[in-house]
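[1] predicted structure and sequence below. I'll ask about it afterward.
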Amino acid sequence: MLIDTYGRVATDLRVSLTDRCNLRCTYCMPEEGLQWLAKPDLLTDDEIVRLVDIAVRLLGIEEVRFTGGEPLLRPGLVGIIERVTALAPRPQTSLTTNGIGLKRTAAALKAAGLDRVNVSLDTLRPDVFKTLTRRDRHKDVIEGLEAAHAAGLTPVKINSVLMPGLNEDEAPDLLAWAIEYGYEQRFIEQMPLDAQHGWKREGMVTAGDILASLRTRFDLTPEGADERGSAPAERWLVDGGPHRVGVIASVTRPFCAACDRTRLTADGQIRTCLFATEETDLRGALRSGASDEEIARIWKLAMWGKKAGAGLDDPSFVQPDRPMSAIGG
Ligand code: SAM
Ligand code: SF4
């Protein structure tokens, strides 16, 4: 098992497949100038599958989420998913994507064994989308969502980050739209993980703001702690159910005590937390001929050192060097 000194057990592995992206969301990436990881430093498809195999067979990982950067940009994605879903024990698999290209790939991803997708969509307004992501691709995301739903990659969840002065008033519209189309809406508080280090605690839209805004149109009833488990999203039943809405309040209501994650970056580094300032190199071990058992031991040791919490609201908090796109969100 991947256990830490606070007794938390990691069963959920996030695998970043690339640090590259076809959008430039302002809360994530700068317009230009971000250095990409060098190709030889990226794990190969075989290396990724081997590490996931070690994770499920020797370390108790039950769920694998592929992310990035934009994971749909990884050429070998379908093959990786095929091989990961053929592992024993078979992990649950999901993909976090901006949805661009999903129209073309959703059916193939489903056929490869992918269980479900989370699609990021912050706004229903194409002009605001263009400002937020610096690309005019709103239509592609909407079509991607539809294709994911049609392919049965369900429940399709929508992740939205609300930004002050841009889309902060859109929470009720996004939720109403998601309910209409059969998606599960979640809001994520903006975190200090942008490459430009421009995050400000004062200006951010908080979970409290989001809930207040939603309550102007919907009746929200909290789901019990039992249903939440280790999931980062706190969920509410909308107008008595069955529809739900989730809020991931990493900044104002952190869930570190229940965290069950471990992360693998596209260049083969283990991170025990999004906000970790240290990484453990698995790529070096892989490429120097370490056995599966040796790699599992290094991973366990890294996990043992996981910190109690991210401490985002703590004045001594230091933003990690790597941005969200390079860690894998
Ligand atoms: N490109 C894919 C996407 O956008 O879904 C996957 C990677 S992205 C880094 C994963 C998630 O992180 C997205 O839902 C995105 O909105 C979120 N994200 C990125 N930067 C963030 C930040 N600074 N604060 C909160 N969420 C952020
Ligand atoms: Fe790309 Fe996702 Fe970051 Fe937006 S949030 S720039 S889609 S990696």
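    Thanks, I have the structure now. Ligands and ions are numbered 1, 2, ... in the order given.
[2] how about residue 158, secondary structure?
    Secondary structure state of residue 158, per DSSP: H, G, I helix; E, B strand; the rest coil, is strand.
[3] so how far is residue 56 from it?
    28 Å (CB to CB, to the nearest Å). For every residue, glycine as well, the C-beta is placed using N, CA and C.
[4] compare those two (neighbour count), which wins?
    More neighbours surround residue 158 than the other of residue 158 and residue 56, with 24 against 21 (other CB atoms under 10 Å).
[5] that one contacts residue 182, correct?
    No. Contact between residue 158 and residue 182 fails when scored by CB atoms under 8 Å: they sit 10.8 Å apart.
[6] for ligand 1, what are the nearby residues on the stretch 201-329 of the chain?
    By CB under 6 Å from any ligand atom, the part of the stretch 201-329 of the chain that sits against ligand 1 consists of 324, 325, 329.
[7] quick one, what contacts the second one?
    Spelled out, that is residue 325. The neighbourhood of residue 325, defined by CB atoms under 8 Å, 6 or more residues apart in numbering, consists of 19, 21, 28, 29, 34, 68, 69, 195.
[8] same thing with the first one?
    With contacts taken as CB under 8 Å, 6+ apart, residue 324 has the following neighbours: 28, 191, 193, 194, 274.
[9] residue 135: what's it in contact with?
    When the contact criterion is CB under 8 Å, 6+ apart, the partners of residue 135 are 22, 23, 24.
[10] where exactly do the helices run in the stretch 101-250 of the chain?
    Secondary structure of the stretch 101-250 of the chain, counting by DSSP state H, counting those that start in this stretch: helices at 102-111, 126-133, 138-151, 171-181, 207-215, 225-228.
[11] filter the contacts of residue 135 down to the buried ones, ChimeraX style.
    Of the contacts of residue 135, the buried ones can be selected in ChimeraX as follows, counting by 16 or more other CB atoms under 10 Å:
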select :23,24
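[12] what about the nearest residue to residue 232 once chain neighbours are set aside, distance to residue 187?
    Closest residue to residue 232 apart from its sequence neighbours, by CB to CB, 6 or more residues apart in numbering: residue 248 at 4.8 Å. Going from residue 248 to residue 187 by CB to CB gives 7 Å.
[13] so between those two, which is more surrounded?
    Neighbour comparison, residue 248 and residue 187: the larger count goes to residue 187, with 27 against 19 (by other CB under 10 Å).
[14] identify the bridge partners of that one.
    Judged by DSSP bridges, the bridge partners of residue 187 are residue 160, residue 247.
[15] so who does it touch?
    Residues touching residue 187, when contacts are defined by CB under 8 Å, 6+ apart, comprise 159, 160, 161, 162, 171, 174, 207, 210, 245, 246, 247, 248.
[16] what sits against the third one?
    This points to residue 161. Contacts here follow CB under 8 Å, 6+ apart; on that basis residue 161 touches 25, 27, 120, 122, 187, 188, 189, 190.
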